[in-house]
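**Q** Sequence plus the predicted model coming up.
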Amino acid sequence: MTAAEQIRAELVRAARSLGAPEDVDPLLERPRETSHGDWATNLAMVLAKPLRSKPRDIADRLREAIDLERAGVSRIEVAGPGFMNFWLDAGRIASGLSEIISADERYGQSDAGGGKVVNVEFVSANPTGPLHVGHGRQAALGDAISTLLETTGWKVTREFYYNDAGVQIDNLARSVDARLSELDGNSSEIPEGGYHGEYIRELAERYKTDNEGMSVREFAVRELRREQDLDLQAFGVRFDKYFLESSLYTDGMVEETVRLLIASGKTYEHDGALWLRTTDFGDDKDRVMRKSDGTYTYFLPDVAYHVTKWKRGFHRAIDVQGADHHSTVTRVRAGLKALEMGMSGEYPEYVLHQMVTVMKHGEEVKISKRAGSYVTVRDLVNEVGRDAVRYFFLMRKSDSQLIFNVDLAASQSEENPIYYIQMAHARMCGIFRVGEIDPASVSADGAPLEVLSEPEEQELIKALLDFPALVESAAETLEPHRIATYLLETARVAHLWYHKHHVLEQAEDITRARLALARGAQIVLRNGMRILGITSPERM
RNA sequence: GCGCGCGUAGCUCAGUUGGAUAGAGCGUCGGCCUCCGGAGCCGAAGGUCGUGGGUUCGAGUCCCGCCGCGCGCACCA
């Protein structure tokens, strides 16, 4: 039982004894201000109405009714309008280290997800060019969200959806064709909607020398998919499933979905096209699903694709996409809802991220897809390393725009948050290295943890003990940036402690206890970085 | 024009789902350091939380109106 749970249980007992409603569920939180104790509750204010008394009076009576020992606290104060502040005793705090060390790599894990399956789809780039920064943000986000969910007891399938069937692939083939005919000495223009990047020229050259009898289209898609796979590999992202849009046509899923939608009665014919009444589901206008020329708009295969997710058993699905795809959300959900297959209006869940701006040498690197000039994931990885790229993509919440400062990410100094965090971990490792101690042999059991009474020690332990609750709530809200923020703060506290208090060559009981703390910090920093997909080097 | 997101210190951003005196890093200014790695540490200055209303014991957080920025508004994807 954690300290908070222990306080809560006793608080409930005390509240019931004062006549509080049966479902009383006190909220415990960590005050920002240390002078407000280790834990605080606003319970007395919440009970003011049902008990028809002043919050402060209720708080005083609660305080009287609470058994300090059973709550595991040393002191309770009533403050402000009726807050109750709790102080844990130093021994109670330090004893939390035992749990961290014995759990080791499992520390921070939970079974909140109950082993249920969830599908996380991300990147899903069209095979029409290299992966750019936006895809990078998505790759980092999707992978971290997946790991967060795994850490909290979900069974995750990481999925990549290839749009290999649409008009954009035709445009790709025609663009390569144009470059091919240029190679043959004929002047030729990249077609409208085509791709202008230098890689198209390179594709044409490779096709000319070694096309293995493939069509331009097949060759280009194969090569670009291979390139993207290499980029993802360099980034350390691995997918469990690659889903091809084209398969939705070959296996009849698209046709099937159209039939079902028509049967649902939510469609109508107008101007020779087939429309879906998405306005019934909150859209601002109805949408065409089959054009008058008989081909489908993109959102129909999207609906069909999500039907397959549902049918494959994923009753929870998360799509990570750029915010520029925002308009698709209502449409896809409307299509799925119209099918009445039992999905809620929230299926699938979307994590949309805002755009990335790349700054280099103090200037914005302009991105022009049309001219084919943009920063690729591979450029970034080559320039600043995988860990820094991942951390920078994850340090901001997804719905705010992100400025990627290449110079900062590349710098090997304390200004660079990723170095700062990794350095904190490496320092903990350094203690064991210098002391010639196997960290795995360090145990908190039997160690005199009560000697860890310095303010920096108490602060560090408290930070470490916050980790599991943080992981759980970050997983719930699908917000990996909270792990990033936490790591930076915890690294700060660890540096501070490291600087002020020595571990080795102290009195024996102090060294023993501090080794346990160093071990705890090492474990938490490492586990946190692992969630973000970042390595935790033992020396830097 | 409509929809979504954002607006917090000079800069880049957090803010525990409505709590107490709004925080961090960088930058600036001042100071410290014979150390398990100086890739260090301490301190200070710096704020009308875009703005005007509303909701309530209590608002950076929720609601409404404005202003600014980004993205999206096809029988494109």
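**A** Yep, that arrived.
**Q** Close to RNA strand B: what parts of the stretch 401-540 of chain A are there?
**A** Residues of the stretch 401-540 of chain A lying close to RNA strand B (Cβ under 7 Å from any atom of the strand) are A:401-403, A:412-415, A:417, A:419-420, A:423, A:426-427, A:430-431, A:434-435, A:473, A:476-477, A:479, A:481-482, A:485, A:488-489, A:492, A:495-504, A:539-540. C-beta here means a position set from N, CA and C on the backbone, and glycine is covered the same way.
**Q** The closest residue to A:Glu256 other than its chain neighbours and RNA strand B, how far apart?
**A** Residue nearest to A:Glu256 in three dimensions, not counting chain neighbours: A:Ala304, with 7.4 Å by Cβ to Cβ, 6 or more residues apart in numbering. Applying Cβ to the nearest atom of the strand, to the nearest Å, the value for A:Ala304 to RNA strand B is 13 Å.
**Q** now do A:Lys208
**A** For A:Lys208, the distance to RNA strand B - Cβ to the nearest atom of the strand - is 28 Å.
**Q** Would you confirm that that residue contacts A:Leu183?
**A** Yes - assessed by Cβ atoms under 8 Å, A:Lys208 is found in contact with A:Leu183 at 6.0 Å.
**Q** quick one: secondary structure of the closest residue to RNA strand B within the stretch 401-540 of chain A?
**A** Going by Cβ to the nearest atom of the strand, RNA strand B is nearest to A:Glu414 of the stretch 401-540 of chain A, at 2.3 Å. Reducing the assignment at A:Glu414 to three states with DSSP: H, G, I helix; E, B strand; the rest coil gives coil.
**Q** What parts of the stretch 101-250 of chain A come near RNA strand B?
**A** Contact residues, the stretch 101-250 of chain A versus RNA strand B (Cβ under 7 Å from any atom of the strand): A:Asn126, A:Asn163, A:Gly166, A:Val167, A:Gln168.
**Q** isn't the last one right next to A:Ala125, touching?
**A** Yep, that's A:Gln168 we're talking about. No - A:Gln168 is beyond contact range of A:Ala125, at 10.8 Å (criterion: Cβ under 8 Å).
**Q** Pick out whichever of these two has more residues nearby.
**A** Neighbour totals were compared for A:Gln168 and A:Ala125, and A:Ala125 leads with 24 against 18 (other Cβ atoms under 10 Å).
**Q** Please identify which helix or strand holds the more buried one.
**A** A:Ala125 is part of no helix or strand when elements are defined by DSSP states H and E.
**Q** Give me the number of neighbouring residues for the nearest residue to A:Thr330 once chain neighbours are set aside.
**A** Of all residues not flanking A:Thr330 in the chain, A:Asp283 sits nearest, at 4.9 Å (Cβ to Cβ, 6+ apart). The number of residues packed near A:Asp283 is 17, by other Cβ under 10 Å.
**Q** need the contact list for A:Asp283.
**A** Contact partners of A:Asp283, counting by Cβ atoms under 8 Å, 6 or more residues apart in numbering, are A:Thr330, A:Arg331, A:Ala334.
**Q** The last one: neighbour count?
**A** Applying the criterion other Cβ under 10 Å, we find 23 residues in the vicinity of A:Ala334.
**Q** Next: the second one.
**A** For A:Arg331, the tally of surrounding residues (other Cβ under 10 Å) stands at 21.
**Q** Report pLDDT for it.
**A** Predicted confidence (pLDDT) for A:Arg331: 91.
**Q** In three-state terms, how would it be classified?
**A** Under three-state DSSP, A:Arg331 comes out as helix.
**Q** roughly how far apart are it and A:Asp302?
**A** To A:Asp302, A:Arg331 is 8 Å away according to Cβ to Cβ, to the nearest Å.
**Q** again with the last one
**A** Shown here: A:Ala334 relative to A:Asp302, a distance of 11 Å by Cβ to Cβ.
**Q** My read is that the residue nearest to A:Glu256 contacts A:Leu248, right?
**A** Yes - using Cβ under 8 Å, A:Ala304 makes contact with A:Leu248 at a distance of 5.0 Å.
**Q** Need the CA coordinates for the helix or strand hosting A:Leu248. PDB is fine.
**A** Applying DSSP H and E as the criterion places A:Leu248 in helix A:245-250. Output in PDB follows, covering the C-alpha atoms of helix A:245-250 (Å, rounded to 0.1, in the frame of the first residue of the first chain):
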ATOM      1  CA  GLU A 245      -4.500  -0.100 -48.300                       C
ATOM      2  CA  SER A 246      -4.500  -2.000 -51.500                       C
ATOM      3  CA  SER A 247      -5.500  -5.100 -49.600                       C
ATOM      4  CA  LEU A 248      -8.800  -3.500 -48.700                       C
ATOM      5  CA  TYR A 249      -9.700  -3.500 -52.400                       C
ATOM      6  CA  THR A 250      -8.300  -7.000 -53.200                       C
END
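**Q** Give me the buried stretch members for the following helix or strand past that helix, please.
**A** Going down the chain from helix A:245-250, the next helix or strand is helix A:253-263, by DSSP H and E. With burial defined by 16 or more other Cβ atoms under 10 Å, the residues of helix A:253-263 counted as buried are A:Met253, A:Val254, A:Thr257, A:Val258, A:Leu260, A:Leu261, A:Ile262.
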